Every structure is written in structure tokens, then in C-alpha cells.
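>>> with the input below, show me the fold.
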Amino acid sequence: MASVVVGYVPAPEGAAALAHARREAALFQDRLVIINVRTTGRGLGHGHSHGEDATDELEAITAELEAAGSDFMIIHPEGDYDPADEILAAAARNEGRLIVVGLRHRTPVGKLILGSTAQRVLLEAPCPVLCVKAGQ
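Coordinates of the predicted model:
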């Protein structure tokens, strides 16, 4: 079964990416694969607790998807990991038809360089990638 893979962070860009991924998965009756990634300034994710708010948000998302009868899975990487590696691996393992990633607002200088996670996913993805901004 094909899937829509989304890199999720508990932030506005993560919420935007998840909303678009949910619509796309529902439209094509694909499985929704959510990669719970959280990045630090170095671009590495950490699998330890991300705080009570993030846990509550993921529990609410899980409950909402279950209530809607959605076909989904949430992957929680552990230890030190590269978010792009996790997203790309999930797309490969789960017959990814589309990857959705959120982008945040950047300064004029930052606009010259896409975020490292989004850039790697765009360049290395085995399928189309949709980049969305919060508030879109």
C-alpha cells in the first residue's frame, strides 16, 4: 500500500505539513506515516522526551486519527538521528508516494539556503516532495 510520509515537529510548520499530508492521504486512500522528528540547531534529532506539550499534542493527533478511522502510523526515532535520514528511510520502507515537509519563515540570508533537512529530503527523495509553510 502506498503512503504519504510527513516529517512532524510540534510547531506551526509541523502542523501545516501534517494537515496537508492528512488531506493527501485521505484523497488517495493512502496510509499516513508520521515521523515525529524534532531538530536541534545542529540538525540532529533526539529521541528523548520533547516535553509535556509535544506529548499531549501527539496524543491528541493519535486520538483524532483513530476517531476518523484513518490508516496511520507514527514513528518515534530514538537516540541521536538525522531527521532527513528518518524521513527518507520511512518513505523507502513504506512505499512513499509523497513526502510532506514544513518550512519555516527565513531571513533574507536564510532564504538563500533551504533548511538542511528539507534540502536533503528534496534532493534525495525517491518520490515527489511537497513543502508547505505555516499559515498556508
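>>> rest of the way, CA atoms for contacts and neighbours
OK.
>>> now the strands: where do they sit in this structure?
Listed in chain order, the strands of the chain (DSSP state E) span 3-8, 31-36, 45-46, 72-75, 80-81, 96-103, 129-133.
>>> how many neighbours does Thr55 have?
Residues lying near Thr55 (other C-alpha atoms under 10 Å) number 13.
>>> next one, pLDDT for it please.
Per-residue confidence (pLDDT) for Thr55: 77.
>>> what's the distance between it and Val6?
Going from Thr55 to Val6 by C-alpha to C-alpha, to the nearest Å gives 17 Å.
>>> for the chain, which spans come out with low pLDDT?
39-53, 106-115, 136 (pLDDT under 70).
>>> please enumerate the helices of it.
Listed in chain order, the helices of the chain (DSSP state H) span 12-28, 52-67, 83-93, 116-124.
>>> out of those helices, the one nearest Val100 is which?
Closest to Val100 of those, according to C-alpha to C-alpha: helix 12-28, at 5.8 Å.
>>> next up, phi/psi of Pro128, please.
phi -60, psi 150 (degrees, to the nearest 10).
>>> leaving out the residues flanking it, which one is nearest to it?
Leu98 (5.2 Å; C-alpha to C-alpha, 6 or more residues apart in numbering).
>>> and that neighbour, what are its bridge partners?
Per DSSP bridges, the residues bridged to Leu98 are Val4.
>>> need the winner for burial among the strands of the chain.
Highest mean neighbour count among those (mean count of other C-alpha atoms under 10 Å): strand 3-8, with a mean of 29.
>>> tell me what that one is packed against?
Using 3 or more C-alpha pairs under 8 Å, 6 or more residues apart in numbering; DSSP states H and E, the elements in contact with strand 3-8 are helix 12-28, strand 31-36, helix 83-93, strand 96-103.
>>> could I get those as a markdown table with distance to Leu123?
Output for the helices and strands packed on strand 3-8, formatted as a markdown table (distance: least, C-alpha to C-alpha, whole Å):
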| stretch | distance to Leu123 |
| --- | --- |
| helix 12-28 | 18 |
| strand 31-36 | 18 |
| helix 83-93 | 10 |
| strand 96-103 | 12 |
